[in-house]
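Asks: here is the input, now give the coordinates:
(one chain, ligands or ions: 2)
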Amino acid sequence: MKLEGVELRRVALPLVTPFRTSLGTQTVRDALLVRVATDEGEGWAECAAEDDPTYSPEYLEGAADVIRRFLVPALFPIDLDPAAVAPALRHLRGHVMAKSAVETAVLDAWLRARGVSLAAYLGAVRRSLPVGVSVGITDTIDELLDTVDRHLAAGYARVKLKIEPGWDLEPVARVRETFGADVMLTVDANTAYRPADARHLAELDAYGLAMIEQPFAPDDLHAHARLAAMIGTPICLDESITSARDAVTAIRQGACSIINIKPGRVGGYLEARRIHDVAAAHGLPVWCGGMLETGLGRAANLALAALPGFTLPGDISATARYYERDVTAPFTLVNGELAVPAGPGIGVTPEPSDLEALTTATEWIPA
Ligand SMILES: CC(=O)N[C@@H](Cc1ccc2ccccc2c1)C(=O)O
Ligand SMILES: [Mg+2]
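Replies: Numbers count the residues shown, from 1 in each chain. Ligands and ions are numbered 1, 2, ... in the order given. You can find the predicted model right below:
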């Protein structure tokens, strides 16, 4: 398969409600979509990076630049298949989210041309999945309780609360006492705490949480291992894990007993599957994290989340949790589950009118 050209398209999707985490507040999801044109047809993907380098070192303008100047030129001479992309880009360091977007678009084109779904290609074992929801920091506890109530009524299998210093024990205690012991509840700090906060975080043990996600800095595995040794609640890593090798290092150091897998953060769906396999070999459950994706990323993530080791509900929520209007048809919760796309490739394509309406810029990179 040969690359004939690549379209980079920026879209802006207003969020239905502001999404506040310890990293800041998001009201619009600026996203970068990648469409590859090949001699066998086209493929779509989206880049997980945010507008600013707060969640990870990457950011959208930088990802577009490295794709335009380095990643795409390195692929033009190659006879492409899914396994050929990462080796062809290995000499270019980092930029895992940019690399993931390009690899996924090539993978989508390759699979569509062969009539194979991403789910089948990756080894999915389920056709629909219970999913979780990530709840941002709110101005008041009452607002938080109303939000959680709405999401539980919608059928979400797990509620994740964003926490940060000053917004942790009380919101967790109030949600637990309001909704009872049977709701699967987790927290995600997005690296907001310091090692000295360990004893404070240990008080979360009282609330029967399914996990505490990424309390400390991405590169501080020792602090995570120390907290893991102090408490009963499992520690889950997100920002710390950017490759299968990171996963092995973290597991061996006792820094986590659950991993949040995000294909964009680890360089693509093939590396994501490797992390799934490594975690399974160590008996660790994994789940699929979310990056406020459009339907393109949401569709691909559902295929990954259908693999056998993804035993915990992920952050692949229904479209309506984030957007009034998306570039693809919406994903809706049916009996608390989302259907895994079964069509060729990622199984969805943008709706032309919605794509046009949400587009803020496009550029074509010719071979
Ligand atoms: C659903 C969820 O909690 N996602 C990330 C955090 C996050 C937060 C804010 C974001 C803003 C723009 C793009 C991606 C973002 C991801 C997480 O698991 O840590
Ligand atoms: Mg997280």
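Asks: could you say what helices and strands the one helix or strand Leu129 maps to packs with?
Replies: Secondary structure assignment for Leu129, by DSSP states H and E: strand 128-130. Applying 3 or more CB pairs under 8 Å, 6 or more residues apart in numbering; DSSP states H and E, we find strand 128-130 packed against strand 337-339. In this view, the C-beta of every residue, glycine as well, is placed from N, C-alpha and C.
Asks: list the buried residues for stretch 65-84?
Replies: By 16 or more other CB atoms under 10 Å, the buried positions in stretch 65-84 come out as 66-67, 70-72, 74-76, 78, 80, 82, 84.
Asks: how about the residues you listed in a markdown table, adding secondary structure, pLDDT and distance to ligand 1?
Replies: Listed next are those as a markdown table, based on DSSP: H, G, I helix; E, B strand; the rest coil; pLDDT from 0 to 100; distance: CB to the nearest ligand atom, whole Å:
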| residue | secondary structure | pLDDT | distance to ligand 1 |
| --- | --- | --- | --- |
| Val66 | helix | 98 | 18 |
| Ile67 | helix | 98 | 18 |
| Phe70 | helix | 98 | 23 |
| Leu71 | helix | 98 | 21 |
| Val72 | helix | 98 | 23 |
| Ala74 | helix | 98 | 27 |
| Leu75 | helix | 98 | 26 |
| Phe76 | coil | 97 | 30 |
| Ile78 | coil | 95 | 30 |
| Leu80 | coil | 97 | 28 |
| Pro82 | helix | 97 | 25 |
| Ala84 | helix | 98 | 29 |
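Asks: can you list these in TSV and add distance to ligand 2?
Replies: Listed next are the buried residues of stretch 65-84 as TSV, based on distance: CB to the ion, whole Å:
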residue	distance to ligand 2
Val66	24
Ile67	24
Phe70	28
Leu71	26
Val72	30
Ala74	31
Leu75	30
Phe76	35
Ile78	34
Leu80	32
Pro82	27
Ala84	31
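Asks: from the residues you listed, which is closest to Ala210?
Replies: Nearest to Ala210 among these: Pro82, at 33.2 Å, using CB to CB.
Asks: for the residue nearest to the closest one when sequence neighbours are not counted, what are its contacts?
Replies: Closest residue in space to Pro82, ignoring its immediate chain neighbours: Leu107 at 4.6 Å, by CB to CB, 6 or more residues apart in numbering. Shown in contact with Leu107 (CB atoms under 8 Å, 6 or more residues apart in numbering): 43, 45, 82, 85, 118, 121, 268-270, 345.
Asks: show me how to select, in PyMOL, the buried members of those.
Replies: Buried residues among the contacts of Leu107 (16+ other CB under 10 Å), as a PyMOL selection:
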select buried, resi 43+45+82+85+118+121+268+269+270+345
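Asks: which bits of the stretch 101-250 of the chain sit near ligand 2?
Replies: Counting by CB under 5 Å from the ion, the residues of the stretch 101-250 of the chain close to ligand 2 are 188, 213, 238.
Asks: what sits against the most centrally placed residue in the chain?
Replies: Most central in the chain under CA atoms, centre = their mean is Gly290, positioned 3.1 Å from the mean C-alpha point. By CB under 8 Å, 6+ apart, the contact list for Gly290 reads 134, 262, 301, 314-317.
Asks: where's it relative to Phe19, distance?
Replies: Noted for Gly290: a distance of 11 Å to Phe19, by CB to CB, to the nearest Å.
Asks: next: Leu296.
Replies: Using CB to CB, one gets 19 Å for the distance from Leu296 to Phe19.
Asks: which of the contacts of Gly290 sits closest to Ala202?
Replies: Of all these, Ser134 has the smallest distance to Ala202: 23.3 Å, by CB to CB.
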